[in-house]
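In: Sequence and predicted structure are below.
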Amino acid sequence: MNLPTTEDRDPLSIGLSKRSDEDVLSLLLQRQKDALKATEAAIPQIAKAAEALQSVTVSGGKIGYAGAGSAGLTALADCLELPGTFGFPVERMRMLYAGGAANLLHLAGTYEDDEEAGFADFQKSGLGEGDILIAVSASGSTPYTLGTVRGAHSAGTRTVALANNPDTPLLHQSDFPIFLKTPPEIIAGSTRLGAASAQKAALNMISTLVALRLGHAVRGHMVNLVADNEKLRQRAYRILQDLTGCTAEAAAEKLQQAGGRVKIAVLMIREGFDLEGAEKSLAEHDGNLRPFL
């Protein structure tokens, strides 16, 4: 029987119970590395998806994520991390997860079989023309996820798809398909292993490239963060000192005046702007700090 790669069994999985813990762990790690190589092969596709995401971001559009099960959790992680890491507005983020928030603790599989639920969730999401939906499915044929993509097409929303099997409906139906050719899993069908590693890497690459192009990451710093706890305040102080050469005291003072916004504090220190002047000047440069540096 010809099985999808994500359901096939790795020949090296035979006899694992007779091998040492160290041998099994080494094999698991090697398969993770093999999965990441699939991400490297998909860089041209990932670049196109990042360009589309950047376009939506610049124009003020919303970003949606969709998925079920392990793939949905990978998508959810990226959705939750973007605001904190790169300052993307929370109100412009959407997450479509099979079964909703109530299913996050138990991951009941029945929800992923409902394509109409995916379509309905999209219709309730508020996504439309000028927005983008990133759909993730290891198999590339998850009905719920396909339903969200169908909803996106009906609303004029562009779609990015990540899948680990070739020639699948999700890849064929998306505007920016990303095929991650990961090897069979050590535990057949357990796509939270290699397939998920490749998905996470690809999503990290997309969002980080967009952040760099938009000036949200400058000289290795996440300058679009808003310091709202002690850890982030300490990080913000280091960023301000590195980018402006100011003292720790000046960094603390200006960050407080800027309401924890690193970019605003940088302009207040480097350019001598007051709060209003810094906000206006940054807005005139579409929030991009790089021209000032």
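Out: Received, thanks. Computed from a predicted model, the values in this text were never measured in an experiment. Residues are numbered from 1 along each chain as shown.
In: Not counting residues beside it along the chain, what's closest to A250?
Out: I269 (6.3 Å; CB to CB, 6 or more residues apart in numbering). Any C-beta I mention is one placed from the backbone N, CA and C, and that applies to glycine too.
In: For the stretch 1-150 of the chain, just list every one of the strands.
Out: 63-67, 93-97, 132-136 (DSSP state E, counting those that start in this stretch).
In: before we move on, the earlier item: OK, contacts around the residue nearest to A250?
Out: Applying CB atoms under 8 Å, 6 or more residues apart in numbering to I269 gives the contacts 240, 244, 246, 250-251, 254.
In: Those in helices, which ones?
Out: 240, 244, 250-251, 254 (DSSP state H).
In: and I178, what helix or strand is that in?
Out: strand 176-179 (DSSP states H and E).
In: Could you give the backbone dihedrals for the nearest residue to L180 once chain neighbours are set aside?
Out: Excluding the flanking residues, the one nearest L180 by CB to CB, 6+ apart is A198, at 4.2 Å. Backbone torsions of A198, given as degrees, to the nearest 10, read phi -70, psi -40.
In: so where's the chain uncertain?
Out: Scanning the chain with the threshold set as pLDDT under 70 gives 1-16, 107-109, 186-193.
In: redo that, cut-off 50
Out: 1 (pLDDT under 50).
In: helices or strands up against the strand holding I178?
Out: helix 43-58, strand 158-163, helix 169-173 (3 or more CB pairs under 8 Å, 6 or more residues apart in numbering; DSSP states H and E).
In: I'd like the C-alpha coordinates of it written as CSV, please.
Out: C-alpha atoms of strand 176-179 as CSV (Å, rounded to 0.1, in the frame of the first residue of the first chain):
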residue,chain,number,x,y,z
PHE,A,176,1.7,30.5,-1.9
PRO,A,177,2.3,26.7,-1.4
ILE,A,178,5.3,25.6,0.7
PHE,A,179,6.1,21.9,0.4
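In: on that earlier part again, list the residues that contact the residue nearest to L180.
Out: Taking CB under 8 Å, 6+ apart as the test, what A198 contacts is 35-36, 38-39, 164, 180, 182.
In: nearest to F292, of the residues you listed?
Out: Ranked by distance to F292 (CB to CB), these are led by T39 at 33.9 Å.
In: tell me the contacts of L104?
Out: Per CB under 8 Å, 6+ apart, neighbours of L104: 73, 76, 97.
In: Correct me if wrong: the second one contacts A66.
Out: When you say that, I think you mean L76. No: between L76 and A66 there is no contact under CB atoms under 8 Å: 9.9 Å.
In: if you count what's nearby, which of the two comes out ahead?
Out: When L76 is set against A66 and neighbours are counted by other CB atoms under 10 Å, the residue ahead is A66, at 35 against 19.
In: ok, the more buried one touching A135?
Out: Yes: between A66 and A135 there is a contact under CB under 8 Å: 4.5 Å.
In: tell me, what's touching these two both at once?
Out: 75, 145, 148-149.
In: Can I get these in a markdown table including distance to G194?
Out: Listed next are the shared contacts of A66 and A135 as a markdown table, based on distance: CB to CB, whole Å:
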| residue | distance to G194 |
| --- | --- |
| A75 | 17 |
| T145 | 19 |
| T148 | 24 |
| V149 | 24 |
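In: so K200 is in which element?
Out: helix 194-213.
In: Could I have the CA atoms of that helix written out in PDB?
Out: The C-alpha trace of helix 194-213 is given here as PDB (Å, rounded to 0.1, in the frame of the first residue of the first chain):
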ATOM      1  CA  GLY A 194      10.100  15.900  12.200                       C
ATOM      2  CA  ALA A 195       7.200  17.500  10.200                       C
ATOM      3  CA  ALA A 196       6.400  19.900  13.000                       C
ATOM      4  CA  SER A 197      10.000  20.900  13.300                       C
ATOM      5  CA  ALA A 198      10.100  21.800   9.600                       C
ATOM      6  CA  GLN A 199       6.900  23.700   9.900                       C
ATOM      7  CA  LYS A 200       8.100  25.700  12.900                       C
ATOM      8  CA  ALA A 201      11.300  26.500  11.200                       C
ATOM      9  CA  ALA A 202       9.500  27.700   8.100                       C
ATOM     10  CA  LEU A 203       7.100  29.900  10.000                       C
ATOM     11  CA  ASN A 204      10.000  31.400  12.000                       C
ATOM     12  CA  MET A 205      11.800  32.200   8.800                       C
ATOM     13  CA  ILE A 206       8.800  33.900   7.200                       C
ATOM     14  CA  SER A 207       8.000  36.100  10.200                       C
ATOM     15  CA  THR A 208      11.600  37.000  11.000                       C
ATOM     16  CA  LEU A 209      12.300  38.000   7.400                       C
ATOM     17  CA  VAL A 210       9.200  40.200   7.300                       C
ATOM     18  CA  ALA A 211      10.300  41.800  10.600                       C
ATOM     19  CA  LEU A 212      13.700  42.600   9.200                       C
ATOM     20  CA  ARG A 213      12.300  44.100   6.000                       C
END
